[in-house]
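Q: coords please:
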Amino acid sequence: MQGGINSFNLVCIVVGLLYVFCMVIYPFTGGDWWYVQSVWSEWQSLNTGVLAFAASIIALNAVRYSEEKRRQSRFVAARAFLPQALSELTKYFEQSSLLFIEAWERSKDTNDRCKTSLKYQLPDLPVHYKQVFKDCIVDAPSDVAEYLAYLLARLQVHHSRMESVYEEFSEDSCMAQCEMNFIAYLFSLAELQALTNRLFSFSRGRFEFDNSPLKYKSFDECYCGWNIDDDLLRELGEFTTRNYNNLRN
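A: Presented below is the predicted three-dimensional model:
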């Protein structure tokens, strides 16, 4: 929509310059004032229509400018609530990591065979972030809105996956757990945390929005923050090296 309006304005400017040349500049080239008056008189209806059209274009752009300013103000207001929502998600991700780490350790236990419940309880998905993200997406620039929508989609996948993992660790479960699955789950969780970390500075208005591909360092910082032991950290490092370049490309 924005691009269409800009293209329309450009066309109007080009046509307007052509009109000014034909109706103002060219008639004066002959140096005959009576000729200029005759041209203006003959094309009086056209001139009236052009002036009315120009007035409508000016009014349209004034409304567009006013609406854009209101949109920006609404986005700034919505963005002010992002830090709290991001903090809630960060706490949720930390609790999720504890569950996945325990599941990874239990998946290697051939005696237990994942037939007993996990020690860590399934963390509750925060509620506050949903409305905040929704308000931001409505008025955010397209790149920010797409970023937030991607984060939301990945978050829904993560929570569904975690619910399945929690339910599968039970006496009645017939699922065989593979430790490599939990490596992949922790990798995806680190992506969520890395995407969230990027939003903190932007949400406080300190830096411009960064939508560049995630770096390996972003994942490593998440792993270190979750106090993962050396064996798991080594496996996560190898998995991340092989896979992180495929994200959001």
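Q: Got phi/psi on the closest residue to A78 other than its chain neighbours?
A: Counting by CB to CB, 6 or more residues apart in numbering, the nearest residue to A78 once its immediate chain neighbours are dropped is D135, at 3.8 Å. (Each C-beta comes from the backbone N, C-alpha and C, glycine too.) With angles defined as degrees, to the nearest 10, D135 sits at phi -60, psi -40.
Q: Local confidence estimate at I57?
A: As predicted, I57 sits at a pLDDT of 75.
Q: whoops, L98 was the one
A: As predicted, L98 sits at a pLDDT of 94.
Q: Verify the stated contact: it with Y120.
A: Yes - using CB atoms under 8 Å, L98 is in contact with Y120, at 4.9 Å.
Q: ok so, going back, number of residues surrounding the residue nearest to A78?
A: D135 has 17 neighbours, counted by other CB atoms under 10 Å.
Q: How about the contacts made by it?
A: 74, 78, 81 (CB atoms under 8 Å, 6 or more residues apart in numbering).
Q: Report the buried members of those.
A: Burial by neighbour count, judged by 16 or more other CB atoms under 10 Å, picks out 78, 81 from these.
Q: if I look at S212, how far off is F75?
A: According to CB to CB, to the nearest Å, S212 and F75 sit 21 Å apart.
Q: okay, now the domains of this structure?
A: When the chain is parsed with automatic domain parsing, its domains come out as 2-75, 80-246.
Q: what comes up buried for the helix or strand where F93 lies?
A: According to DSSP states H and E, F93 maps onto helix 82-107. Neighbour-count burial for helix 82-107, counted by 16+ other CB under 10 Å, picks out 82, 85-86, 88-90, 92-94, 96-104, 106-107.
Q: swap in stretch 233-243?
A: The neighbour-count check on stretch 233-243 (16+ other CB under 10 Å) flags 235-236, 239-240 as buried.
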